[in-house]
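A.B. asks: okay, sequence plus prediction incoming.
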Amino acid sequence: MSSAPAQPPAVFRLAAHELRWRLLDELAHSDRRVRELTGSLGEPQPLVSYHLRQLRVAGLVSVRRSSFDGRDTYYSLDLARCGVLLGDAGAALHPALRLAPAPRPEPRRSRRATRVLFLCTGNSARSQIAEALLTDLSGDRVLASSAGSRPKELHPNAVRAMRARGLDISKRSSKHLDTFRATRFDWVISLCDRVREVCPEFPGDPQTIHWSIPDPAAEPGSNDTTYPTFERTAAEVETRIRYLLVTIGAHTTEEVSRP
């Protein structure tokens with residue numbers, strides 16, 4: 001007798017709906033506001049909001065108030081949660097179908113190293129953390145840089161959070177994004193809702209991504225020497241970077257494979 005559940009797993013029911021699948025696809029690339037989703041999908045705002053709510057209830061999507069405009073919100077896809085639900089869904093059909101995390105593809109040699117620029121307002125925490133983590137997790141195969149629209153001194157708790165992970169960023173300095181205006185990047189990633197609004201265009205038509213991550217220095221407890229807000233930021237950035245590396249690896253392999 002079959003032991004399959006009477007109802008298909010929730011992730012299948014959710015993703016099988018065309019609009020919800022398109023929403024997942026959009027959010028897999030970058031955090032988005034509702035008006036951006038309605039514009040790119042060509043669907044009315046009430047319908048998009050309804051289906052976003054379904055995805056939020058399932059824990060696939062989260063929402064954060066914009067730090068640029070408090071009346072606005074950003075939606076993010078929880079890729080780790082998606083992976084867990086997909087793995088459980090496969091196992092519900094047959095134990096041999098439980099998904100295992102895909103091995104991280106090693107970027108193959110291309111004509112030049114992949115260059116990534118991280119941006120936030122002060123270049124004092126989030127973007128510095130991202131630069132250090134990408135450099136470390138890529139094994140220096142990716143050239144990471146960071147800058148801010150209003151640079152200020154590196155936050156000591158950002159240094160502490162990275163030191164706890166075995167990375168020393170204490171000698172790094174904050175830089176203005178104008179420093180890199182003429183530099184060609186493959187990826188430009190904004191980690192701050194404010195800097196996204198003033199981000200200039202960079203030469204070479206880089207891939208642009210937005211990660212709506214709160215400023216740890218603006219949260220309660222930001223000056224606590226146990227640095228909980230900075231540790232949470234570092235953990236979220238690290239998770240996102242691990243998925244980014246898979247995307248970079250896939251793009252690099254595709255580029256190298258072209259005739």
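C.D. replies: The structure has been received and is ready for your questions.

A.B. asks: now for Phe213, how many residues are close by?
C.D. replies: One thing to correct before we go on: residue 213 is Ile, not Phe. Neighbour count of Ile213, defined by other Cβ atoms under 10 Å: 26. The way it works is simple: take the backbone N, C-alpha and C, and place the C-beta from them, glycine included.

A.B. asks: gap between the closest residue in space to it that isn't next to it in sequence and Val48?
C.D. replies: Excluding the flanking residues, the one nearest Ile213 by Cβ to Cβ, 6 or more residues apart in numbering is Leu191, at 4.8 Å. According to Cβ to Cβ, to the nearest Å, Leu191 and Val48 sit 24 Å apart.

A.B. asks: list the contacts of the residue nearest to Ile213.
C.D. replies: Remark: with contacts taken as Cβ atoms under 8 Å, 6 or more residues apart in numbering, Leu191 is in contact with 118-120, 126-127, 130, 211, 213, 237.

A.B. asks: run the last query once more with 6 Å
C.D. replies: 120, 126-127, 211, 213 (Cβ atoms under 6 Å, 6 or more residues apart in numbering).

A.B. asks: next one: Leu154
C.D. replies: So Leu154 contacts Ser124 (Cβ under 6 Å, 6+ apart).

A.B. asks: am I right that it sits in a strand?
C.D. replies: No. Secondary structure of Leu154 (DSSP: H, G, I helix; E, B strand; the rest coil): coil, not part of a strand.

A.B. asks: separation between it and Glu131?
C.D. replies: 11 Å.

A.B. asks: pLDDT score assigned to Gly83?
C.D. replies: With respect to pLDDT, Gly83 scores 87.

A.B. asks: ok, it to Tyr243 distance?
C.D. replies: Where Tyr243 is concerned, Gly83 sits at a distance of 9 Å (Cβ to Cβ).

A.B. asks: can you check Leu191 too?
C.D. replies: For Leu191 relative to Tyr243 (Cβ to Cβ), the value is 15 Å.

A.B. asks: ramachandran coordinates for Gly59?
C.D. replies: For Gly59, the backbone dihedrals (degrees, to the nearest 10) come out as phi 80, psi 10.

A.B. asks: quick check, Ser145 in contact with Arg115.
C.D. replies: No. Judged on Cβ atoms under 6 Å, Ser145 makes no contact with Arg115 at a distance of 7.3 Å.

A.B. asks: including pLDDT, secondary structure and distance to Pro8, could the contacts of Leu191 go into TSV?
C.D. replies: Output for the contacts of Leu191, formatted as TSV (pLDDT from 0 to 100; DSSP: H, G, I helix; E, B strand; the rest coil; distance: Cβ to Cβ, whole Å):
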residue	pLDDT	secondary structure	distance to Pro8
Cys120	96	strand	41
Arg126	97	helix	39
Ser127	98	helix	41
Trp211	98	coil	32
Ile213	96	coil	34
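
A.B. asks: of the residues you listed, closest to Ala92?
C.D. replies: For the contacts of Leu191, the minimum distance to Ala92 (Cβ to Cβ) is 31.6 Å, reached by Trp211.

A.B. asks: quick one: contacts for the closest one?
C.D. replies: 31, 191, 240.

A.B. asks: of those residues, which belong to helices?
C.D. replies: Of the contacts of Trp211, the ones assigned to helices by DSSP state H are Arg240.

A.B. asks: does Ser190 touch His210 like I think?
C.D. replies: Yes. At 5.0 Å, Ser190 and His210 qualify as touching, with contact defined as Cβ under 6 Å.

A.B. asks: let me see the ranges of the helices in the stretch 101-250 of the chain.
C.D. replies: For the stretch 101-250 of the chain, the helices defined by DSSP state H, counting those that start in this stretch occupy 126-137, 156-163, 193-198, 228-257.

A.B. asks: how far away from the center of its chain is the first one?
C.D. replies: Spelled out, it's helix 126-137. Centroid separation for helix 126-137 versus its chain: 12 Å, with Cα atoms, centre = their mean, to the nearest Å.

A.B. asks: kindly report the same for the second one.
C.D. replies: In terms of Cα atoms, centre = their mean, the centre of helix 156-163 is found 21 Å from the chain centre.
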